[in-house]
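Visitor: requesting a structural model of the entry that follows:
(one chain, ligands or ions: 2)
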Amino acid sequence: MSRESKIIGIISIKGGVGKTSVTANIGAALAQEFNKNVIIVDANFSAPNLGLHFGLTQPSVTLHDVLSNKVDIGDAIHEYDKHLHLVPGSLLNEKINPYALREKVKKLKAYYDVILLDSSPNLNDELRAVMLASDQLLVVTNPDFPTLSTTMHAVKVARQKRTPIVGLVLNRVRGKSFELSVEEIEESCGVPIIGVLPEAITMPESVAETTPATLYKPHTDVAVEFKKIAAALIDARYRDPRFFAQFRNLFRTDPRKEDVNRDMMRKGILY
Ligand SMILES: Nc1ncnc2c1ncn2[C@@H]1O[C@H](COP(=O)(O)OP(=O)(O)OP(=O)(O)O)[C@@H](O)[C@H]1O
Ligand SMILES: [Mg+2]
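Guide: Ligands and ions are numbered 1, 2, ... in the order given. Okay, the predicted model is just below:
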């Protein structure tokens, strides 16, 4: 078994907040920047679309075949590149037992450093199965009240299931005054924010290009933030290579809360 192998579930109980985008991009960042062996699994059983982010339109074998015991999970692995593999889902919606997920993905720990599980936005057996199969959860949220209320609920359910939450990822931030702040969201949820991703046209554009933004436009703000989140998850550090970012940081007197949280995570203070 890989020494640090862990299964991280990417969850929210609201649709469209960015779970699949976060899964694809953190997976790509871990594989490309940090040479980790990564597998991403589409556990959004009713509406899978993780494969589309990588140009996989009609996978021959899927997680559905695994969960209906037709094939072994090893036979459902698609190789995107050397370090990044994928288990896609099927839109045909065969009858499956979502709770078999835990036992099936556990087998992957012997071969991969990080296993990321994308999930359903509905608080149903599909999402509960991901919570139970994960060693840790990353909760994706947006800076608005409707999303915050569902995020608070997701945190509560995860705690009931006793799956540790590694942090929140705040996505689609436009920097508008009406948006909820990092502090307000952290205080409401009682969970630190370990990444703040801007609203970025690169995100839907990269889906159309079937290449995660971290690979498609690696030097954009959104891509760099994905790499920083990926680094924190494996206890590593990512230094923004862009000259302007380094110059700006020289004069920064107020560190960003998410940077502080990531530092604390690395020092083992956060958990
Ligand atoms: N930071 C961002 N900036 C701009 N668009 C984004 C951003 N993050 C995600 N999107 C877009 O928002 C849409 C929904 O994203 P995504 O599919 O990742 O959400 P999801 O939480 O997985 O949705 P579902 O719950 O339906 O599975 C997509 O079109 C995606 O490209
Ligand atoms: Mg999704």
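Visitor: get me the contact residues on this protein for ligand 1.
Guide: 12, 15-21, 44, 121, 171-172, 197, 199-200, 203-204, 207, 222 (C-beta under 6 Å from any ligand atom). In this view, the C-beta of every residue, glycine as well, is placed from N, C-alpha and C.
Visitor: how about 8 Å then?
Guide: Neighbours of ligand 1 within the chain, by C-beta under 8 Å from any ligand atom: 12, 14-24, 44, 47, 49, 118-121, 140, 171-173, 197-204, 206-207, 222.
Visitor: give me the buried entries from those.
Guide: By neighbour count, with 16 or more other C-beta atoms under 10 Å, the residues of the chain next to ligand 1 hold 12, 14, 17-24, 44, 49, 118-121, 140, 171-173, 197-198, 200, 202-203, 206-207, 222 as buried.
Visitor: which of these fall within strands?
Guide: Using DSSP state E, the members of those that fall within strands are 118-119, 140, 171-173, 197-198.
Visitor: contacting residues for the residue of the stretch 1-150 of the chain found nearest ligand 2?
Guide: Nearest to ligand 2, among the residues of the stretch 1-150 of the chain, is Thr20, at 3.3 Å (C-beta to the ion). By C-beta atoms under 8 Å, 6 or more residues apart in numbering, Thr20 lies in contact with 44, 49-50, 53, 118.
Visitor: could you do Ser181 as well?
Guide: For Ser181, the contact set (C-beta under 8 Å, 6+ apart) comprises Pro143.
Visitor: can you check Val191 too?
Guide: Contacts of Val191 by C-beta under 8 Å, 6+ apart are 139, 155, 165, 167-168.
Visitor: what helix or strand does it sit in?
Guide: Take DSSP states H and E as the rule and Val191 turns out to sit in neither a helix nor a strand.
Visitor: all strands for the protein, in order.
Guide: Counting by DSSP E, the strands of the chain are 6-11, 38-43, 78-79, 84-87, 114-119, 136-141, 165-173, 193-198.
Visitor: want to throw the ones you listed into TSV with mean pLDDT?
Guide: Listed next are the strands of the chain as TSV, based on pLDDT from 0 to 100:
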stretch	mean pLDDT
strand 6-11	98
strand 38-43	98
strand 78-79	98
strand 84-87	98
strand 114-119	98
strand 136-141	98
strand 165-173	98
strand 193-198	98
